[in-house]
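>>> dropping the sequence and predicted coords here.
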Amino acid sequence: MTGSTIQSVDRALTILTLLAEHGPLGVTELSGLLDVHKSTAFRLVTTLELHELVEQTTDRGKYRLGVGVLQLAGATTARLDIVQRSRPVTRRLADELGETVNITVLSGHDALYLDQTAAASTLQPYNWVGQRVPLHATSNGKVHLAHVSPARFAELTAQPLRRFTDHTKTDVTALLAEVAATRRNGYAVAVDELEVGLTAVAAPITGPDGEVAGSVSASGPTFRIPAERVSEVAAKVVEAAREISRQLGWHGLAAHSSPF
């Protein structure tokens, strides 16, 4: 069963490659190139069509690459674009604050770390790039929660929220109030919520379409970012987020009206 599934995936991916190389192809042509029965080729191409990875041309019976491929490529390009365009800003922010700066995007039910920059004066921190962190217990996560629809918020907080420390907010009503404040203030704060001794401040990055495309945060030991320093750090993080947004092509004042 496992071998059959892997073989099917391999053949489906091969179809995408063939269409990229040859242009529109019919089921008979695909079955010949794949060396499989026409019924097998038809099932594979039908499955790909359901996911919009292929589509039929006006010449019925022939298939070409679909908009789903463009959407996947666009998502990847957008993420790479955030990293590339934010690097000069995050390096400057890290050196100004003397802390670690991260870029994240919303991925499924988590915040996914895309990039990390550490101040030259600090010890090399744990590398979070490629790691996923919970939304409710991190400043980056709260930024993402603050910019989704009420329905999406409900979906993301439907499961019992895990408690990481005594400071982790696990009550959905309290979390909703906090993310609403995040929208009003323009930034989110997490103090000792994911791990004791860690404070982070994050702000939203807005894409060219006016939607929140990611977040930028500065984090460090709580003793280096005490309560009286949070406003200073927040101001610099918010300005960095605005600069990255401008680099991405957004020149407005706010992402969109509050859904809460």
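Yep, it's here. Residues are numbered from 1 along each chain as shown.
>>> which regions of the stretch 101-250 of the chain lie under the pLDDT threshold?
Low-confidence segments of the stretch 101-250 of the chain, defined by pLDDT under 70, span residues 121-125.
>>> where do the helices sit along it?
139-145, 150-156, 172-185, 227-248 (DSSP state H, counting those that start in this stretch).
>>> what distance do you get for T47 to D35?
Counting by CB to CB, to the nearest Å, the separation of T47 from D35 is 19 Å. Backbone N, C-alpha and C define where each C-beta goes, glycine included.
>>> ok, these two, which is more surrounded?
T47 (14 against 9; other CB atoms under 10 Å).
>>> measure the more buried one to Y63 for me?
The span separating T47 from Y63 equals 12 Å under the rule CB to CB.
>>> now do the same contact list for E96.
Contact analysis of E96 by CB atoms under 8 Å, 6 or more residues apart in numbering lists K236.
>>> that one belongs to a helix?
Yes - according to DSSP: H, G, I helix; E, B strand; the rest coil, E96 belongs to a helix.
>>> am I right that Y63 is in a helix?
No - when classified by three-state DSSP, Y63 is found to be strand rather than part of a helix.
>>> residues near it, how many?
Neighbouring residues of Y63 were enumerated by other CB under 10 Å; the total is 25.
>>> again, but for T157
Here the count is done by other CB under 10 Å, and T157 has 18 residues near it.
>>> list the beta-bridge partners for T100.
On the basis of DSSP bridges, T100 is bridged to S219.
>>> isn't it right next to G220, touching?
Yes - between T100 and G220 there is a contact at 6.4 Å, judged by CB atoms under 8 Å.
>>> show me which positions of stretch 224-236 end up buried.
Of the residues in stretch 224-236, 225, 233-234, 236 count as buried by neighbour count, 16 or more other CB atoms under 10 Å.
>>> would you check which pair of those lies furthest apart?
Of all pairs drawn from the buried residues of stretch 224-236, the greatest distance, 11.5 Å, lies between I225 and K236 (CB to CB).
>>> OK, contacts around A202?
With contacts defined as CB under 8 Å, 6+ apart, A202 is in contact with 104, 138-140, 142-143, 187-188, 190, 215-218, 237.
>>> what do you get for R79?
With contact taken as CB under 8 Å, 6+ apart, R79 is in contact with 105, 114, 214.
>>> for it, give its distance to E52.
Using CB to CB, which is the criterion applied here, R79 is 20 Å from E52.
>>> then D95?
From D95 to E52 the distance is 44 Å (CB to CB).
>>> in space, not sequence, find me the middle residue of the chain.
Taking CA atoms, centre = their mean, the centroid of the chain lies closest to V105, which sits 2.6 Å from it.
>>> so T199 sits against A188, correct?
No - with the criterion set as CB under 8 Å, T199 and A188 do not qualify as a contacting pair; they are 11.6 Å apart.
>>> more neighbours: which of the two?
Each of T199 and A188 has its neighbours counted (other CB under 10 Å); A188 has more, 28 against 24.
>>> how about that one: which residues does it bridge to?
Applying DSSP bridges to A188 yields these beta-bridge partners: A202.
>>> can you tell me the closest non-neighbouring residue to V45?
Beyond its immediate neighbours in the sequence, the residue positioned closest to V45 (CB to CB, 6 or more residues apart in numbering) is Y63, lying 5.5 Å away.
>>> and the one you found, how close does it get to D171?
From Y63 across to D171, the span is 51 Å (CB to CB).
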